[in-house]
Structures are given as C-alpha cells and as structure tokens.
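Novice: need a 3D model of the sequence below.
(one chain, ligands or ions: 1)
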Amino acid sequence: MEAINASIDFDKRLATQDIAGSRAHAAMLAAQGIIEPNDAQAIREGLLTVLSEIEGGTFEFSTALEDIHMNVEARLKEIVGPAAGRLHTARSRNDQVATDFKLWTRDQMDAAITGLEALQKALLAQAEAGADWVMPGFTHLQTAQPVTWGHHMMAYVEMFGRDVSRFRDARARMNESPLGSAALAGTGFPIDRDMTAQALGFDRPTANSLDAVADRDFALEFLSSASICAMHLSRFAEELVIWSSAQFRFVTLSDRFSTGSSIMPQKKNPDAAELIRAKVGRIFGANVALMMVMKGLPLAYSKDMQEDKEQVFDAADNLMLALAAMTGMVSDMSANTDNLRAAAASGFSTATDLADWLVREAGLPFRDAHHVTGALVALAEKKGCDLPDLSLTDMTSVHEAITDGIFDVLTVENSVASRTSYGGTAPAQVRAQVSRWKEVLG
Ligand code: ARG
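Specialist: Modelled structure (predicted):
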C-alpha cells in the first residue's frame, strides 16, 4: 500500500509552496480568532525551521507519512508541540495540494516566459545582424523564393511571442486561490479566503469549492502551452540539424553546443539541437497522460489526481532545459553567408520575380506569365544554367515583350528588396519588426 500510495518521493518538490500556504493559513486563522495568536506564531516560526531543514538537506522524509503535507506537519509537531495540531483547522489536504501545485505551476509559467524572452532576444540579435543576408526560403523543403536570414529568425520571434502570450493567458486564468475550499464543500469556520489569497499572490479566491479541489485544468494549460512551445523549438532544432549538415552548411554551431564522435574524427554532431527536437515527445506525452488521468473522474477529489505532479515536473524541467540550450545555441551560432547566398541563387529561386515582372512590365495576366516563366525555367534547365544566365535573345525567343529590364529582378538581392509588403522579407521590413520587438522586450 505504501509503495503505491506515497507521493513523497516526488511531491517533496512542493515543500516551499506547502510551507508558504501553511504560513498564510495560520496567520489567517489567528486573524479570524479561530486559533490563538501565540499558537499561530509558533506554527509560523516552526514552519520556517522546517523549511530551513529541507533546504539544508537535513530533513528526513518518511514514506510512511505519505506526502509532503504530512511530512511537514509531522516535523512541525516535533518542533512546536501540540500547537501544530491546530494548523489543519478549516482546511484539507485537498485544498492544500491544489494550492501548492498551483503555486508551483505558476512559478513555472513565469520561468517559461523568462526563458522564452531570453530566446527571443538571442533571435533578435541574429535578425539584426542578418537583416539583409539572403538565403533560400523553402516550401516542401524545395527552394521557393529568396528570403533574408533576419526574416527567418523573426518568424521564430513571432512564434515564441505567441508562446509567451499563451503562458500569460493561462497564468491569469489560473491565479485564483483554492485554499479554504477544504475537502470539497467549504468550511463552517469563519475563515477569510481573501486574506490567504492575497498573501499567496492570487488575484482572488476560487468561487466554487468543488471546482477548486477537483480540477487540474491549470496544469493542463501549462502542459498544452508547453507542448506547443516545444513543438516550435523542435521545428527550429530540426532546421538547425539540417542547416549544420555538410550538404547545407548554412550555419556553424559552436563547439559548446555540439559533440564529436567517438569513432569518426571529422564529426561535429548537433546533439543539443537533436535533444531539443526530441523533448516535444515527452512534453506532449505528459499533456496526453494528464488528460487521460482527468477525463473520467467524477467530482471532487480522487487519488488519481496525485498522478498530475510527475508529468508537470518532468515537462517543466525539460522545457526549461530546452529553452536554455536553444538560447545558448542561437547566441553562439554563425551563419555562413556565402553559402546562404549561393543556395538562395540556385534552384530558379527568382522565377516568381520574373513572372511578376511580366505582369507588371509586359501587361501579361499572371497565369500566362506563370506559363512563360515555366518555359524559361525549362530552357535554362536544358542549357544547364540559371535564369540570370540566359541571354536576352533566349528570353525573347520565349516571349517577344521581354526587355533588358528583366535582368534587374533576377538577382536575389533585388528579389528580397522588392518584397516590401507589411510583414514581407525586405530588409527594411525586417528591421522595422526588429525595432518593434526590441521595444516589446525592453
Ligand atoms: N498526495 C495527495 C495528492 O497529491 C494529497 C491529497 C490527498 N488527499 C486525500 N484526501 N487523500 O493528491
């Protein structure tokens, strides 16, 4: 029974939150005249002693005492005597654990936001440096149109910005105190739930005691926000794996974030990127696992809910690690601008610019321009050259309205510079977005 029932091995991570919750509760009980002020004082001081023992590593956790709540209370009794027994007046472990776990998860939401903002700053620095470095933009991982390095970096700044806002939304929604909901029905003691809510940094007490002890949607919102964030990290990590390969050589990752091979001396492996790519698996796994735990539970508390913590702990640990590693890797990496440009200029990447020129300068309908451009690409392919290498005679043999001016739009620099629509890849647009984000991030 002890082996299946006890949670102390993992919920000891809630010690700080448990003690903060208990100290707030004791102060409120005294303020409301429910316990004597000197008992509350002894409890509050004793709890600080317990905390210092836990932080100092001298606290002996007992599996027989099941969880962090009972472990702390039992030790408090040893320290302050019978007064400790008054702490659990007008509360239950059900509102206690919901409060502790909310406080812990709230801290992780804040940590995720801090980690994401650091990553965004690293990306901004890359974007600013490379606002006009030309690289291929892809669809289907096939060369599509030239874009700028800065534009690609800023795409992730946007994604991580939405991740930040998801954590912020979730934090605002979850920031209500369950404390005082007691086991499920509330209590007959004249407690002051606003007082404990305020002491613990909650915006207000929860409005329904059954809901407060029975739901873990705040943990699920953390996990789903973390899953989406990890998915973004994973996509970027995948790009870094591809980009750092010998076939692409778009970026060089620093030695700090790569490893050698034990057998192949030439190898430099993007291990950090690969591990970040993999983290989404366990984080999304945690999200699914907790959804399945919760989905069939009748109200209010069931012991199934004890299974919430390990999922959130593991997901949070790995998300923070992935964010820190990605931030380091992005700060350290260097773009190989010559390779980026050469890749951007190959694969007929300015074919769209050519078609647009035919529409603009020769008055062709876009569909016809698309067709003419296709013929020119076929011709270049046959000649084994790229679009800018075709002669004007080659061009006019396909369509007589083509003039010399067409060569202006066939360079990758002109291609990106022309994409000045709001949110487009033109360096001026990228710089505008960099300044906007710099202001947002302070
Ligand atoms: N260890 C428990 C958990 O994590 C604490 C709440 C126990 N409540 C109870 N009525 N058994 O959920």
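Novice: poorly predicted segments of the chain, please.
Specialist: Nowhere does the chain drop to pLDDT under 70.
Novice: report the longest helix in it, please.
Specialist: Longest helix of the chain, by residue count under DSSP state H: helix 93-129.
Novice: C-terminal to that one, what's the next element?
Specialist: Toward the C-terminus, helix 93-129 is succeeded by strand 134-139 as the next helix or strand (DSSP states H and E).
Novice: how about that next one: buried residues?
Specialist: Buried residues in strand 134-139, defined by neighbour count with 16 or more other C-beta atoms under 10 Å: 134-138. Where you see a C-beta, it was placed from the backbone N, CA and C, and this is true even at glycine.
Novice: turn these into a markdown table, columns for distance to Leu290.
Specialist: A markdown table is the format used below for the buried residues of strand 134-139 (distance: C-beta to C-beta, whole Å):
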| residue | distance to Leu290 |
| --- | --- |
| Val134 | 45 |
| Met135 | 40 |
| Pro136 | 41 |
| Gly137 | 38 |
| Phe138 | 36 |
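Novice: which among these gets closest to Val251?
Specialist: The closest of those to Val251 turns out to be Met135 (C-beta to C-beta; 10.1 Å).
Novice: secondary structure class for the one residue in the stretch 101-250 of the chain that gets nearest to the ligand?
Specialist: Residue nearest to the ligand within the stretch 101-250 of the chain (C-beta to the nearest ligand atom): Ala183, separated by 7.1 Å. Judged by DSSP: H, G, I helix; E, B strand; the rest coil, the three-state class of Ala183 is coil.
Novice: contacts only, for it.
Specialist: Under the criterion of C-beta atoms under 8 Å, 6 or more residues apart in numbering, the contact list for Ala183 reads 92, 94-95, 213, 300-301.
Novice: what about Val224, how many residues nearby?
Specialist: Careful, residue 224 is Ser; it's not Val. Residues within reach of Ser224, counting by other C-beta atoms under 10 Å, total 18.
Novice: now swap in the one 4 residues further on and tell me
Specialist: Neighbour count of Ile228, defined by other C-beta under 10 Å: 18.
Novice: equivalent analysis for Ala375, please.
Specialist: When neighbours are defined as other C-beta under 10 Å, Ala375 has 12 of them.
Novice: list phi and psi for the residue nearest to it when sequence neighbours are not counted.
Specialist: Computed as C-beta to C-beta, 6 or more residues apart in numbering, the closest residue to Ala375 that is not its neighbour in sequence is Val398, at 4.9 Å. Per-residue torsions, Val398: phi -90, psi -40 (degrees, to the nearest 10).
Novice: show me how far the strand or helix carrying Phe284 is from its chain's centre.
Specialist: Taking DSSP H and E as the definition, one finds Phe284 inside helix 271-294. In this view, helix 271-294 has its centroid 12 Å away from the chain centroid, taken as C-alpha atoms, centre = their mean, to the nearest Å.
Novice: ok, and for the next helix or strand after it, which residues are buried?
Specialist: Downstream of helix 271-294, the next assigned helix or strand under DSSP H and E is helix 308-332. For helix 308-332, a neighbour-count test (16+ other C-beta under 10 Å) marks 308-316, 318-320, 322-323, 325-331 as buried.
Novice: now do the contacts for Arg106.
Specialist: Neighbouring residues of Arg106 by C-beta under 8 Å, 6+ apart: 171, 174-175, 201.
Novice: take those and keep only those in helices.
Specialist: 171, 174.
Novice: number of residues surrounding Gln247?
Specialist: 7.
Novice: next, it: phi, psi?
Specialist: According to degrees, to the nearest 10, Gln247 has phi -80, psi -30.
Novice: and it, how far is that from Ala343?
Specialist: Applying C-beta to C-beta, to the nearest Å, the value for Gln247 to Ala343 is 10 Å.
Novice: now for the buried residues of strand 134-139: which two are most distant?
Specialist: Val134 and Phe138 (13.6 Å).
Novice: any buried residues in the helix or strand hosting Gly374, and which?
Specialist: For Gly374, the host element (DSSP H and E) is helix 366-383. Across helix 366-383, burial judged by 16+ other C-beta under 10 Å covers 369-370, 372-373, 376-377, 379-380.
Novice: which SS class is Gly33?
Specialist: Secondary structure state of Gly33, per three-state DSSP, is coil.
Novice: and it, how many neighbours does it have?
Specialist: 10.
Novice: quick one, what contacts it?
Specialist: Residues near Gly33 by C-beta under 8 Å, 6+ apart: Pro190.
Novice: ok, now how distant is the spatially closest residue to Thr411 that is not a sequence neighbour from Ala351?
Specialist: Leaving out its chain neighbours, the residue that sits closest to Thr411 by C-beta to C-beta, 6+ apart is Pro388, at 6.6 Å. Distance, Pro388 to Ala351, by C-beta to C-beta: 11 Å.
Novice: who's more crowded, the two?
Specialist: More crowded of Pro388 and Ala351, by other C-beta under 10 Å: Ala351, with 21 against 15.
Novice: any of the contacts of Arg106 buried? List them.
Specialist: Applying 16+ other C-beta under 10 Å to the contacts of Arg106, the neighbour count classes 171, 174-175 as buried.
Novice: JSON lines for these, including distance to the ligand?
Specialist: Formatted as JSON lines, the buried ones among the contacts of Arg106 follow (distance: C-beta to the nearest ligand atom, whole Å):
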{"residue": "Arg171", "distance to the ligand": "22"}
{"residue": "Met174", "distance to the ligand": "17"}
{"residue": "Asn175", "distance to the ligand": "21"}
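Novice: returning to that earlier point: which one of the contacts of Arg106 is nearest Thr63?
Specialist: Nearest to Thr63 among the contacts of Arg106 is Met174, at 30.4 Å by C-beta to C-beta.
Novice: so who does the closest one touch?
Specialist: So Met174 contacts 102, 105-106, 109, 217-218, 221 (C-beta under 8 Å, 6+ apart).
Novice: nearest to the ligand: which residue in the stretch 251-400 of the chain?
Specialist: Closest point on the stretch 251-400 of the chain to the ligand, by C-beta to the nearest ligand atom, is Gln306, at 3.7 Å.
Novice: that residue: neighbour count?
Specialist: Residues lying near Gln306 (other C-beta under 10 Å) number 18.
Novice: shouldn't it be in contact with Asp9?
Specialist: No: contact between Gln306 and Asp9 fails when scored by C-beta atoms under 8 Å: they sit 11.6 Å apart.
Novice: flag every residue of the stretch 1-150 of the chain that's near the ligand.
Specialist: 7, 11, 67, 93-94, 97 (C-beta under 6 Å from any ligand atom).
Novice: adding neighbour count, write these out as CSV.
Specialist: Formatted as CSV, these follow (neighbours: other C-beta atoms under 10 Å):
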residue, neighbour count
Ser7, 19
Asp11, 25
Asp67, 25
Arg93, 19
Asn94, 20
Val97, 26
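Novice: I am finished for the moment; much appreciated.
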